[in-house]
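Asks: What follows is a predicted protein model with its sequence.
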Amino acid sequence: MLELYATPVSSRLLLGTARYPSPAILADAIIVSETEILTVSLRREMARGQQGGAFFGMIRDLGRRILPNTAGCHTASEAVLTAKMAREVFGTNWVKLEVIGHQDTLQPDVFALVEAARILCAEGFEVFPYTTDDLVVGEKLLDAGCRVLMPWCAPIGSAMGPQNIPALRSMRAHFPDVPLIVDAGLGRPSHAALVMELGFDAVLLNTAVAGAGDPVQMAGAFARAVEAGRSGYQAGLLEPRDMAVPSTPVIGKAVFS
Ligand SMILES: CC(=O)[C@@H](O)[C@H](O)COP(=O)(O)O
């Protein structure tokens, strides 16, 4: 079973909670997805005043584990402060650390990310860093004390799906024992199945479900795709070949003349 900071997790689908058409649809999508972990943006919800409080209450009532995130932070110090506030509000040491470095691509600022991760790990946080698919940055995050990595596969909200499969393969090969969760940019259930087939441990997504025509149905579709991809990976996938291999053996076949 997957363990994230010593917490056993059955569902390998983590869901974001933003941009759903309504709280009721979000709740139904969460139930159908069978996700056990929800990420919540402290900054976004706090900015909504009383409505934000009601939202946190609803999320709590669903009985899932909360992974607060630092969405909207652009510096290490903002992210550290937001993580500390989230720890107070949600009573958890878990934090999905996002430090955005580029306004158009929402690409992480990996320098500030490592800096913030170092500070938060030293203060007892269990950090889930949203990072690029860069091996060196991954190493630095592990050195900082992270025990999980969350590489992107495409920019947040883009729905483009995996843009650099060789880089994702390298990450999996280079960090065989580190839980790796693909976070951001997944647009379709088939994208989720693909990264799970590469051996990733889980996926985190938001936009593809929240923005779907029917978010509840899409949540179920992603749940099944994640399971199918994982199961395929475990079953041992064939490597593609250049040449044909007859699927019907010739030797020993009955001869009709
Ligand atoms: C909700 C959240 O944490 C997002 O920032 C996350 O990275 C998911 O990205 P998508 O919306 O592209 O699935």
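Replies: Received the coordinates, thanks.
Asks: Not counting its own residues, what contacts the host helix or strand of residue 117?
Replies: Element membership of residue 117, judged by DSSP states H and E, is helix 110-122. With contact meaning C-beta atoms under 8 Å, 6 or more residues apart in numbering, helix 110-122 is reached by 70, 74-77, 79-80, 83, 95, 97, 99, 101, 127, 129-132, 134, 137, 140-141, 144-146. From N, CA and C alone the C-beta is placed, and that goes for glycine too.
Asks: rerun that using 7 Å as the cut-off
Replies: 75-76, 79-80, 83, 95, 97, 99, 101, 127, 129, 131-132, 134, 137, 140-141, 144-146 (C-beta atoms under 7 Å, 6 or more residues apart in numbering).
Asks: Next: stretch 170-187.
Replies: 2, 4, 14, 130, 133, 135, 138, 142, 148-156, 158-161, 192, 195, 198-205, 208.
Asks: Apply 6 Å and report the result again.
Replies: 4, 130, 133, 135, 148-156, 158-161, 192, 195, 198-205, 208 (C-beta atoms under 6 Å, 6 or more residues apart in numbering).
Asks: Can you show me the CA trace of that stretch as PDB?
Replies: Taking Å, rounded to 0.1, in the frame of the first residue of the first chain, the C-alpha atoms of stretch 170-187 are listed here in PDB:
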ATOM      1  CA  SER A 170      13.800   9.500 -15.600                       C
ATOM      2  CA  MET A 171      12.300  10.800 -12.400                       C
ATOM      3  CA  ARG A 172      10.700   7.400 -11.700                       C
ATOM      4  CA  ALA A 173      14.000   5.600 -12.400                       C
ATOM      5  CA  HIS A 174      16.100   8.000 -10.400                       C
ATOM      6  CA  PHE A 175      13.900   8.000  -7.300                       C
ATOM      7  CA  PRO A 176      12.600   4.400  -7.100                       C
ATOM      8  CA  ASP A 177      11.800   4.600  -3.400                       C
ATOM      9  CA  VAL A 178      10.300   8.000  -3.100                       C
ATOM     10  CA  PRO A 179       6.600   8.400  -3.500                       C
ATOM     11  CA  LEU A 180       6.100  10.400  -6.700                       C
ATOM     12  CA  ILE A 181       2.700  12.100  -7.300                       C
ATOM     13  CA  VAL A 182       2.100  13.700 -10.700                       C
ATOM     14  CA  ASP A 183       0.500  17.100  -9.900                       C
ATOM     15  CA  ALA A 184      -1.000  19.500 -12.400                       C
ATOM     16  CA  GLY A 185      -1.700  19.600 -16.100                       C
ATOM     17  CA  LEU A 186      -3.700  16.300 -16.400                       C
ATOM     18  CA  GLY A 187      -6.600  16.800 -18.700                       C
END
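Asks: can you map out the strands along the stretch 151-257 of the chain?
Replies: Taking DSSP state E, counting those that start in this stretch, the strands of the stretch 151-257 of the chain run over residues 181-183, 202-205.
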